[in-house]
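Chemist: pasting the sequence and the predicted model now:
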Amino acid sequence: MRVISGTAKGRPLKAVPGMGTRPTTDKVKEAIFSMIGPYFDGGRVLDLFAGTGGLSIEALSRGWNMPCLPTWIRRRLTPSATICRLRG
């Protein structure tokens with residue numbers, strides 16, 4: 001898993017231990033952001049199903065302002081966000 005585009009392009013993302021999450025593939029992330037990207041310039045991101053945080057970190061990397069995540073998810077994302085040098 002990695003960040004596809006933006007300021008953190010190519011940086012790896014840490015997976016959550018165990019088999020409880022299925023990370024969004026690079027191909028799917030690219031498709032999502034190529035569809036919605038032209039309609040947004042910054043803004044907030046709501047990611048309620050952030051198992052690995054890949055979508056939120058991708059949005060931050062592409063210039064969106066702040067992810068909106070439940071607190072229990074934020075604690076798990078710290079390693080990946082630190083690796084990517086992103087803060088939201």
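Modeler: In hand now; what should we look at?

Chemist: for the protein, what are the low-confidence residue spans?
Modeler: For the chain, residues meeting the criterion pLDDT under 70 lie at 70-88.

Chemist: do a quick rundown of the helices in the protein.
Modeler: With helices called from DSSP state H, the chain shows them at 26-36, 54-61, 71-83.

Chemist: the first one - contacts with which helices or strands?
Modeler: In other words, helix 26-36. Under the contact criterion of 3 or more C-beta pairs under 8 Å, 6 or more residues apart in numbering; DSSP states H and E, helix 26-36 touches helix 54-61. (Glycine included, C-beta is placed from N, CA and C.)

Chemist: for the helix it packs on, packing partners?
Modeler: helix 26-36, strand 44-46, strand 66-68, helix 71-83.

Chemist: check the gap between the residue nearest to residue 62 when sequence neighbours are not counted and residue 15 for me.
Modeler: Nearest residue to residue 62, sequence neighbours excluded (C-beta to C-beta, 6 or more residues apart in numbering): residue 6, at 4.1 Å. Per C-beta to C-beta, to the nearest Å, residue 6 is found 20 Å from residue 15.

Chemist: I appreciate the help and will end here.
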